[in-house]
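[1] The following block contains a protein sequence and its predicted model.
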Protein chains: 2
Amino acid sequence: MSHEAGWAHAPGAMRGPSWLQAPADPNALVPHLWSQTAHKVDGELHVGGLAVPDLVAEVNTPAYVLDEEDFRSRARAFRDAFSSYDVFYAGKAFLSVAVARWVAEEGLCLDVCSNSELTVALRAGFDPARIGYHGNNKTLIELRRAVDVGVGRIVVDSFDEIERLESIAVDGLTARVMIRVTAGVEAHTHEYIATAHEDQKFGFSITSGDAFEAVRRVLAAPGIELLGLHSHIGSQIFDSSGFEVAARRVLALQARISDELSVTLPEIDLGGGFGIAYTTQDDPADPAQLATEMSKIVEHECRALGIPEPRLSIEPGRAIVGPAMCTVYTVGTVKKVLLDGGAVRTYVSVDGGMSDNIRTALYDADYSCTLASRASDAVPVLARVVGKHCEAGDIVVKDEFLPGDVRPGDLLAVPGTGAYCRSMASNYNHALRPPVVAVRDGVARVVVRRETEDDLLATDMGDQ
Amino acid sequence: MSHEAGWAHAPGAMRGPSWLQAPADPNALVPHLWSQTAHKVDGELHVGGLAVPDLVAEVNTPAYVLDEEDFRSRARAFRDAFSSYDVFYAGKAFLSVAVARWVAEEGLCLDVCSNSELTVALRAGFDPARIGYHGNNKTLIELRRAVDVGVGRIVVDSFDEIERLESIAVDGLTARVMIRVTAGVEAHTHEYIATAHEDQKFGFSITSGDAFEAVRRVLAAPGIELLGLHSHIGSQIFDSSGFEVAARRVLALQARISDELSVTLPEIDLGGGFGIAYTTQDDPADPAQLATEMSKIVEHECRALGIPEPRLSIEPGRAIVGPAMCTVYTVGTVKKVLLDGGAVRTYVSVDGGMSDNIRTALYDADYSCTLASRASDAVPVLARVVGKHCEAGDIVVKDEFLPGDVRPGDLLAVPGTGAYCRSMASNYNHALRPPVVAVRDGVARVVVRRETEDDLLATDMGDQ
């Protein structure tokens, strides 16, 4: 089957993908995949000073466990490394009132991209002046509210939106905006593609002239204050080479605006997309290294172009919340499945799945996991961890070595589930979405509670 | 870019995928993609005797519009064509109390695959004896409830589950079960793959002997009544050739059970997966044709094996609800994006997206759409309909010809969204999930209401 291309199958022994090594000790955690307070005590996973088995005895499984200190320290690391930048936490990765509060407390700004994300931010008491508002299709009502509450910057994405903002400005309100441009750079992991154009819904093309035209039009509009240009090049990016190409193109536009329109735009946003480690394959750069490299690129380009350095901002989301969370499941069934060629795959079914983590199915994403409730000296077997949904593609962890005696009742924990798991969770098969439990210094606090059947069925109007 | 492989790009003109033809009249519906009461009147889409623009003036967009008569008539078509079978509607495709009621009224049985789906069925007053319970990881609590309420058949998927059912039987309760087997057939659209084994989480392998062993064990267990074997081969299947191979293998097992265990199992379920037309590429078989072919296959095999014909059942879900629903969106922005090579793609952003239809991103699924609020004689342009989420992959319809004057405020309707759209919907970017509005004979009835911000934030515990 196609998804196994490149695998080595020896009769009777599953080898898995080439990057996956059988661990010397399957009870040990691979530290860089886990949040900073995670460790094992006699085989039991501890996070935030709490034993996970004790925690889920209270809150049940599946549950997302959020290491508050880890989240805060990653936020601080970005803030400190990018101290001359504004650092916007990208709320789309995961947002709740508590998390928005932490973001504020750690001195970061916040990106939202919908009306209800803005509501969450405001409920958290987030200073609207430190909020950015994103999206490729913001309605007049959404824009009006953003301007009304004093959102610090609206990232404008189309001429239709400029028109809407012009109509709002008539009422004497000022919209502070950035213009999202496409620089023709698409970056993922260790590669980037540079083209003249980008085939995507976001932004104004630099090459086509749309970006310059958008700047011209916004500068001419009374009641709209243009802060600068905004560029975002991809996701799960591991180095700064793609940023370099994008920054060069965006700063060239900045120079043209300065030349032809005699305007020095004060800011530039270089977007987010900083990668995290999901498995041992991944070795992302740390914030300090990224900051050094990105600052050097901008400094160098500005000097070459003879323009002043704008104030910079970046937008990490996944890189802050991703590693801070793990998902804890209970094993329900274990099945040895004989494959063609004589190999055996161990299917371990847990009590969640694609409803709480769609990323494996949606992006063919790799994850890892560990036995969280006990130590085992059983010989490791290559296992596939699957969910309980009625769908063959309902896979949580495609390949992981687990102790060969893994069995119903065991707890499994999957690290790196902080970003785009709870935020993209569904009720497929009428599954109830798991809680997010923050742990810190031995104290657990439910920041998003588990859905109940009443929650789920509240919108079902029955059959009147 | 890789997803455009095979496309023909002429400078200035987008050609799209090879199967997509510019329509003679872009205002016309392609009938077999739409529910049976759908038609246009002066460019306005009408469904269930209602003008969609009038309907959404009441309920707002995005909205799923469910053609009740279409749903019921497709259910009846399966019931009548498979009159000697039990036809189970697969609730995972879409389930609500109202829909469960319709399923009952049209004389079908119902499949559920979770505790909360069972709750919906029971709220609808569905006869538990006519309910099937699926899943690869049913807990003891779930199984116990299913047995307690008298579910007609539990589809057993693992030895772990058999053990659980044995423990329940101790209390004098009888579980009626089928055994899910894997026949080594994986079918999709016009192709199937036949192997000895299947690399998936579901079922007991026939080839490995697990399926026979499961039968032996269930037959030996007091308090478990074995109804028969269950096989499911895939999804979006357009012909019966894959079913033929699977039926042959399952019936061979049936014969072996008869020979070696002297037991004639009374039933066989051949699963679901019957395809529907999402675009003009698709030309699915109708129920009558499928019924004729499948019955002939089973009859022939049973005669060859010298065994009596078991009572058959099938499980259509998508084939009943899929074409019965369309999703109606409002256009928010329109953007012409210049591509490398000089072609231009028209990006049309609507007020929903991957939160209400993840299938395009998840399965690379194709959809079509039409302008639903007016006629236009503008020259058609090849457009991509995208959502409003902060994600480049947030595409609703990859390629469709729309009138060149498509503009903000227009309504677009996407047919074929009844299955796995609302049921897999998420709150990504804190989007509020759309309502499902049933229409029939000029009357609209909300069967699932729109989520409110209060619904969404009910689980956010704030920052106590």
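    On my side now, so go ahead. Numbers count the residues shown, from 1 in each chain, chains lettered A, B, ... in the order given.
[2] which non-adjacent residue is nearest the residue positioned nearest the centre of chain A?
    A centroid search over chain A (C-alpha atoms, centre = their mean) returns residue A:318, at 2.9 Å, as the residue closest to the centre. Leaving out its chain neighbours, the residue that sits closest to residue A:318 by C-beta to C-beta, 6 or more residues apart in numbering or on different chains is residue A:419, at 3.8 Å. For glycine as for every other residue, the C-beta is placed from the backbone atoms N, C-alpha and C.
[3] Helix or strand: which one has the one you found?
    Using DSSP states H and E, residue A:419 falls within no helix or strand.
[4] show me the contacts for it.
    A:93, A:94, A:276, A:317, A:318, A:321, A:322, A:325 (C-beta atoms under 8 Å, 6 or more residues apart in numbering or on different chains).
[5] For residue A:101, the count of nearby residues, please.
    18 (other C-beta atoms under 10 Å in any protein chain shown).
[6] now do residue A:415
    Residues near residue A:415, counting by other C-beta under 10 Å: 30.
[7] In terms of pLDDT, where does it sit?
    For residue A:415, the pLDDT comes out at 98.
[8] List the residues that contact it.
    A:33, A:34, A:35, A:38, A:323, A:326, A:367, A:368, A:369, A:370.
[9] all helices of chain A, in order?
    Using DSSP state H, the helices of chain A run over residues A:52-59, A:68-81, A:97-105, A:115-123, A:140-149, A:159-169, A:210-220, A:241-261, A:287-305, A:318-321, A:359-363, A:453-457.
[10] Which strands and helices lie in contact with the last one?
    The one in question is helix A:453-457. With contacts taken as 3 or more C-beta pairs under 8 Å, 6 or more residues apart in numbering or on different chains; DSSP states H and E, helix A:453-457 sits against helix B:115-123.
[11] For chain A, tell me whether the helix it packs on is touching it.
    Yes. For a cut-off given as C-beta under 8 Å from any C-beta of the partner chain, helix B:115-123 has contacts with chain A, namely B:115, B:116, B:117, B:119, B:120, B:123.
[12] got the angle for that helix vs helix B:97-105?
    60 degrees (axes from the mean of the first three to the mean of the last three C-alpha atoms, to 10 degrees).
[13] same for the strand of greatest length in chain A, what does it pack against?
    Counting by DSSP state E, the longest strand found in chain A is strand A:325-338. In terms of contacts (3+ C-beta pairs under 8 Å, 6+ apart), strand A:325-338 is packed against helix A:52-59, strand A:63-67, strand A:344-350, strand A:411-415, helix B:159-169.
[14] Mind listing what's buried along the fourth one?
    Pointing back at strand A:411-415 there. For strand A:411-415, burial by neighbour count (16 or more other C-beta atoms under 10 Å in any protein chain shown) applies to A:411, A:412, A:413, A:414, A:415.
[15] what angle sits between that strand and strand A:63-67?
    Using the same axes, to 10 degrees, strand A:411-415 lies at 50 degrees relative to strand A:63-67.
[16] Dump strand A:411-415 to CSV, restricted to CA.
    Extracted in CSV, the C-alpha atoms of strand A:411-415 (Å, rounded to 0.1, in the frame of the first residue of the first chain):
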residue,chain,number,x,y,z
LEU,A,411,-2.5,4.8,29.8
LEU,A,412,-0.8,6.1,26.7
ALA,A,413,0.4,9.7,26.4
VAL,A,414,1.1,11.5,23.1
PRO,A,415,3.3,14.6,23.3
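[17] picking up where we left off before, can you list the helices and strands packed on strand A:325-338 in TSV and add distance to residue B:193?
    TSV is the format used below for the helices and strands packed on strand A:325-338 (distance: least, C-beta to C-beta, whole Å):
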stretch	distance to residue B:193
helix A:52-59	40
strand A:63-67	37
strand A:344-350	17
strand A:411-415	30
helix B:159-169	26
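[18] now, of the ones you listed, which is deepest in the fold?
    For the helices and strands packed on strand A:325-338, ranked by mean neighbour count under the definition mean count of other C-beta atoms under 10 Å in any protein chain shown, the leader is strand A:63-67 at a mean of 29.
[19] still on that earlier bit, which of the contacts of residue A:415 are buried?
    A:33, A:34, A:35, A:38, A:323, A:326, A:367, A:368, A:369, A:370.
[20] now, which of these sits nearest residue B:194?
    Checking the buried ones among the contacts of residue A:415 against residue B:194 by C-beta to C-beta gives residue A:367 as the nearest, at 31.2 Å.
[21] Can you list phi and psi of that closest one for me?
    When read as degrees, to the nearest 10, the backbone of residue A:367 gives phi -130, psi 170.
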